[in-house]
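Q: Provide a 3D model corresponding to the input given below.
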Amino acid sequence: MKTIVGDSAGICTIAQRVINRALEEAKKGPVFCLGEIVHNRNVTDSLKKNGVCFINTLEEAKGKTIIGAHGVTKEIYEKAEKMNFDLIDLTCPMILKIHKKVDEYSKNGFFIIIIGKANHAEILEIKSIVGKECKNIENKSEIPELLKIINDKKKILLISQTTYSSKKFDEIAEELKRHINSDTLLEINKTICPTTEIRQKETIKIAKEVDAMIIVGDKKSSNTTELYNTACKYCKNTQFVCSADELNFSLIMDNSKIGIMGGASTPKEDILRVKKKLEEKS
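A: Coordinates of the predicted model:
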């Protein structure tokens with residue numbers, strides 16, 4: 001059995017920096033984190049063991065409070081300011097850049113179309129900044145209904161969740177360009193994280209070459225789920241596991257070549273444990 005681990009597989013630089021900062025703060029004293037730092041239960045469990053307390057509301061905090069990589073809504077920032085909170089904002093710089101962009105465009109009369117999962121933190125944050133002059137869609141099939149809403153809009157900005165499918169974004173953008181009113185200004189800004197695109201492309205490349213694929217990460221992670229969905233299109237024998245303990249060997253023992261990819265919130269050690277366990281069984 002041969003295993004191929006993607007060069008881009010595993011935790012991104014920003015996510016690792018956020019985790020490291022949380023660990024540093026925990027060494028100094030009590031530290032709270034509003035929501036998950038990254039969408040990975042193994043990371044969350046490890047941080048809990050090292051003294052980071054995870055909370056769902058600001059009212060639960062009793063000291064220094066971290067905002068994780070995905071960020072928070074405008075309302076939470078405002079509430080924290082009123083409550084005079086000691087906030088450590090570790091929101092991904094790319095997400096903060098999108099926040100600034102949509103705020104600027106919205107103030108200049110643009111209607112904002114956001115492509116991504118409706119309940120994802122990034123989408124909720126953008127909506128909190130823009131207000132009513134925006135619409136979220138997830139798939140190309142929603143475009144006919146969207147066109148009814150934007151029929152009278154003269155200026156439109158199209159953006160996306162940073163972890164959305166690059167291929168799907170391009171398809172939606174092209175479809176909108178074909179159907180948008182000729183007198184409407186449509187600005188397309190592909191706000192997908194570059195490393196997300198790299199992982200998606202490498203997943204396709206590996207999936208085409210192997211007998212089975214293993215995607216490592218948490219199912220709550222949008223970017224990792226996208227890798228799984230992508231891999232499934234090119235390799236029917238694909239598994240999505242959070243750890244090596246979840247591997248289903250009955251599906252892979254007869255395969256000679258197995259590919260391994262992990263999402264932007266997947267620790268490298270989790271990927272290496274999967275690789276090691278596969279090699280031990282071969």
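Q: gap between Lys140 and Ala173?
A: 10 Å (Cβ to Cβ, to the nearest Å). (Each C-beta comes from the backbone N, C-alpha and C, glycine too.)
Q: Oops, could you answer that again for Cys12 instead?
A: 24 Å.
Q: The two: which is more packed in?
A: Cys12 (21 against 18; other Cβ atoms under 10 Å).
Q: Who are the contact partners of the closest residue to that one other than its chain neighbours?
A: Excluding the flanking residues, the one nearest Cys12 by Cβ to Cβ, 6 or more residues apart in numbering is Ala264, at 4.2 Å. Going by Cβ atoms under 8 Å, 6 or more residues apart in numbering, Ala264 touches Ile11, Cys12, Ala15, Val38, Thr163, Cys193, Thr195, Thr196, Arg199, Ser221, Asn223, Thr224.
Q: Ala264: what secondary structure?
A: Assigned with DSSP: H, G, I helix; E, B strand; the rest coil, Ala264 falls in the coil class.
Q: confidence score at it?
A: The confidence metric pLDDT takes the value 95 at Ala264.
Q: How about Leu272?
A: Leu272 is given a pLDDT of 97.
Q: that's a helix at it, yeah?
A: Yes - checked against three-state DSSP, Leu272 lies within a helix.
Q: contacting residues for it?
A: Per Cβ under 8 Å, 6+ apart, neighbours of Leu272: none.
Q: Could you tell me how far it is located from Ala9?
A: If you go by Cβ to Cβ, the gap between Leu272 and Ala9 works out to 10 Å.
Q: same deal with Asn136?
A: 29 Å.
Q: And Lys28, by the same measure?
A: Lys28 is 33 Å from Ala9, by Cβ to Cβ.
Q: Let's see the pLDDT reported for the residue of the chain positioned farthest from its centre.
A: Taking Cα atoms, centre = their mean as the measure, the residue most remote from the mean C-alpha position of the chain is Asp183, 34.2 Å away. pLDDT for Asp183: 93.
Q: SS state for it?
A: coil.
Q: For the stretch 151-282 of the chain, just list every one of the helices.
A: 166-179, 194-209, 222-234, 268-281 (DSSP state H, counting those that start in this stretch).
Q: between these, which gets nearest to Leu47?
A: Leu47 sits nearest to helix 268-281 of all the helices of the stretch 151-282 of the chain, at 14.4 Å, using Cβ to Cβ.
Q: Using CSV, list the CA coordinates for that closest one.
A: What follows is helix 268-281, C-alpha atoms only, in CSV (Å, rounded to 0.1, in the frame of the first residue of the first chain):
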residue,chain,number,x,y,z
LYS,A,268,-0.6,18.0,10.9
GLU,A,269,-0.2,15.3,13.6
ASP,A,270,-3.7,14.1,12.9
ILE,A,271,-2.8,13.6,9.2
LEU,A,272,0.5,11.9,10.1
ARG,A,273,-1.4,9.5,12.5
VAL,A,274,-3.7,8.5,9.7
LYS,A,275,-0.7,7.9,7.4
LYS,A,276,1.1,5.8,10.1
LYS,A,277,-2.0,3.7,10.8
LEU,A,278,-2.5,3.0,7.1
GLU,A,279,1.1,1.9,6.8
GLU,A,280,1.0,-0.3,9.8
LYS,A,281,-2.0,-2.1,8.3
